[in-house]
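Undergrad: sequence unknown, structure follows:
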């Protein structure tokens, strides 16, 4: 495939557009955690060792704006906030599964390979 | 899947490990470009609109250290340097293909959808 002008125009390339959404380690791991169902902020914060509340909030907001996840607030005291994947978000699971099988094949030595 | 202690230990998770390698938009696009065969530095630089030579060199070096690509130098005047994917690199094509189909489905409106 010769490097042609259209090839240079990354803005329309599906790979580049998807890369923009999932670029950044935390975004992928948030989506990975939401694939197992609805989560609250502190559940995500506990699962993602090392993420700051500020970074987690920013990533959740940009994923919400991108239409990948849904944020629901329940009028309770204190208010309850839950995050879940939209259909567009659940469809990212295919990308995550291909990463899991790649990681298992190339990046995890045998004894740690029980994920 | 309950959030258990092992779940917190991201270091061994195949998804997190793969995310570390491909995090960052440029890395994915470099791998995407190398899937179509051997490339030289300036070919990659031309294809990746907006990348600086410094960033491109850094990404190529870290992918080489990760074993994802091979750098070959030919003793010519001027010296010729070529980059190609290793088997470990070619195996990332599955991740890229899953991103391409996701991007085509959710992120590209119809008239731009010829990639």
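TA: Yes, it's here. Source: prediction; values computed, not measured.
Undergrad: in chain A, mark out all the helices, start to finish.
TA: Shown for chain A, the helices assigned by DSSP state H span residues A:5-8, A:14-22, A:25-34, A:41-47, A:53-65, A:87-90, A:93-106.
Undergrad: hey, least reliable of those helices by pLDDT?
TA: When the helices of chain A are compared by mean pLDDT, helix A:5-8 comes last with a mean of 38.
Undergrad: pull up the gap between the nearest residue to residue A:81 once chain neighbours are set aside and chain B, please.
TA: Nearest-residue entry for residue A:81: residue A:73, 5.2 Å, with adjacent residues in sequence omitted and distances by Cβ to Cβ, 6 or more residues apart in numbering or on different chains. To be clear about C-beta, it is placed using only N, CA and C from the backbone, and glycine gets the same treatment. Between residue A:73 and chain B the computed distance is 22 Å (Cβ to the nearest Cβ, to the nearest Å).
Undergrad: for the closest residue to residue A:92 other than its chain neighbours, what are its contacts?
TA: Computed as Cβ to Cβ, 6+ apart, the closest residue to residue A:92 that is not its neighbour in sequence is residue A:31, at 5.4 Å. Contact analysis of residue A:31 by Cβ atoms under 8 Å, 6 or more residues apart in numbering or on different chains lists A:22, A:63, A:68-69, A:85, A:89, A:92-93, A:96.
Undergrad: cool, residue A:35 as well?
TA: Counting by Cβ under 8 Å, 6+ apart, residue A:35 makes contact with A:85, A:90, A:93, A:96.
Undergrad: whichever of the contacts of residue A:31 end up buried, select them in PyMOL.
TA: Selection of the buried residues among those in PyMOL, burial being defined by 16 or more other Cβ atoms under 10 Å in any protein chain shown:
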select buried, chain A and resi 22+63+68+69+85+89+92+93+96
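Undergrad: got TSV for the contacts of residue A:31, with distance to residue A:54 too?
TA: Output for those, formatted as TSV (distance: Cβ to Cβ, whole Å):
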residue	distance to residue A:54
A:22	20
A:63	15
A:68	20
A:69	18
A:85	22
A:89	22
A:92	23
A:93	27
A:96	24
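Undergrad: residue B:14 is in contact with residue A:104, correct?
TA: Yes. Under the criterion of Cβ atoms under 8 Å, residue A:104 makes contact with residue B:14 at 4.6 Å.
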